[in-house]
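Colleague: The sequence isn't on hand, but the structure is:
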Ligand code: ATP
């Protein structure tokens, strides 16, 4: 089985994230996607008033009815800082014999070699990248070459995804602007019902 592994802070999950996963599963013929909300991202800790469980719940709502997608709480349960190599080690134990594909947007793809234990990451998963604002296909291609030289397997897609970020969503909510069309309906309701980001 080919499995997409997609981690992020998902604060909140938005339609760009969903498009990103679907684009890779469709184009690479992946059988399954595991979406992993971070407990606290090692790179950013922003909104203290939104709990990991709430971010997890929003991921669940976003992929409800999608048979291929599974939301994992391994990083939330682990607490403290989770590093990608640890998560991949745990998943590769659990899904022995399956092939893992680490899904990233360009901002993450460009820095993967600087993460903790890149050699473990490269051994356990194919690194998948897609353009994002400011980081086009040519820099992704260069980075893919660089990564391959140091032992990674890579897949990049020249497909553009909805231009949206969680920061934009949080700002819009805070300013009382509509976020419809940027997050799934159920996530929009969840945010307003729980008065998140205001
Ligand atoms: P924030 O605005 O809080 O920094 P974010 O929108 O970047 O959040 P994350 O949860 O940090 O969301 O992202 C998880 C992954 O999804 C990262 O690999 C990121 O590059 C990717 N990603 C998020 N939004 C997009 C997008 N619109 N296009 C392509 N990749 C994206």
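Modeller: Good, I have the coordinates. Every value quoted in this text rests on a predicted model; they were computed, and no experiment measured them. Numbers count the residues shown, from 1 in each chain.

Colleague: what residue ranges in this protein score low on pLDDT?
Modeller: Scanning the chain for pLDDT under 70 picks out 41-48.

Colleague: Pull the number of nearby residues for residue 137.
Modeller: Burial measure for residue 137: 17 neighbouring residues, criterion other CB atoms under 10 Å. All C-beta spots, glycine's among them, are computed from the backbone N, C-alpha and C.

Colleague: who are the neighbours in contact with it?
Modeller: 131, 156, 158 (CB atoms under 8 Å, 6 or more residues apart in numbering).

Colleague: what about 10 Å?
Modeller: 106, 129-131, 144, 156-160 (CB atoms under 10 Å, 6 or more residues apart in numbering).

Colleague: for residue 97, same thing?
Modeller: The neighbours of residue 97, taking CB under 10 Å, 6+ apart as the test, are residue 1.

Colleague: And for residue 119?
Modeller: Listed by CB under 10 Å, 6+ apart, the contact set of residue 119 reads 85, 113, 150-152.

Colleague: if we go to 8 Å?
Modeller: Residues near residue 119 by CB under 8 Å, 6+ apart: residue 151.

Colleague: Does it belong to a helix, a strand or coil?
Modeller: Per DSSP: H, G, I helix; E, B strand; the rest coil, the local secondary structure of residue 119 is helix.

Colleague: how about the residues of the chain near the ligand?
Modeller: 8-11, 16-17, 20, 104-105, 107-108, 130, 132, 161-167 (CB under 6 Å from any ligand atom).

Colleague: try it again with 8 Å
Modeller: Within the chain, the positions lying close to the ligand (CB under 8 Å from any ligand atom) are 6-11, 13-14, 16-17, 19-20, 38, 41, 43-44, 46, 103-109, 130-133, 160-170.

Colleague: since we're on the residue in the chain that the ligand sits nearest to, how many residues are nearby?
Modeller: Using CB to the nearest ligand atom, the single residue of the chain nearest to the ligand is residue 105, 2.1 Å away. Residue 105: 20 surrounding residues under other CB under 10 Å.

Colleague: Quick check: phi and psi on it?
Modeller: For residue 105, the backbone dihedrals (degrees, to the nearest 10) come out as phi -80, psi 170.

Colleague: Likewise for residue 135?
Modeller: Dihedral angles (degrees, to the nearest 10) for residue 135: phi -120, psi 100.

Colleague: hang on, it packs against residue 110?
Modeller: Yes: Residue 135 lies in contact with residue 110 (CB atoms under 8 Å); the separation is 6.3 Å.

Colleague: Quick one: which of the contacts of residue 137 is the most crowded by neighbours?
Modeller: Within these, residue 129 tops the neighbour count with 28 neighbours, counted by other CB under 10 Å.

Colleague: Next up, the contacts around it.
Modeller: Taking CB under 8 Å, 6+ apart, one finds 104-106, 108-109, 140, 143-144, 154-157 in contact with residue 129.

Colleague: Tell me where this protein has helices.
Modeller: Listed in chain order, the helices of the chain (DSSP state H) span 15-28, 52-62, 74-78, 84-94, 106-109, 118-124, 137-149, 166-174, 185-193.

Colleague: I'd like those written out as a markdown table, with distance to residue 34 added.
Modeller: Shown next, in a markdown table, are the helices of the chain (distance: least, CB to CB, whole Å):
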| stretch | distance to residue 34 |
| --- | --- |
| helix 15-28 | 10 |
| helix 52-62 | 11 |
| helix 74-78 | 9 |
| helix 84-94 | 7 |
| helix 106-109 | 16 |
| helix 118-124 | 13 |
| helix 137-149 | 22 |
| helix 166-174 | 19 |
| helix 185-193 | 19 |
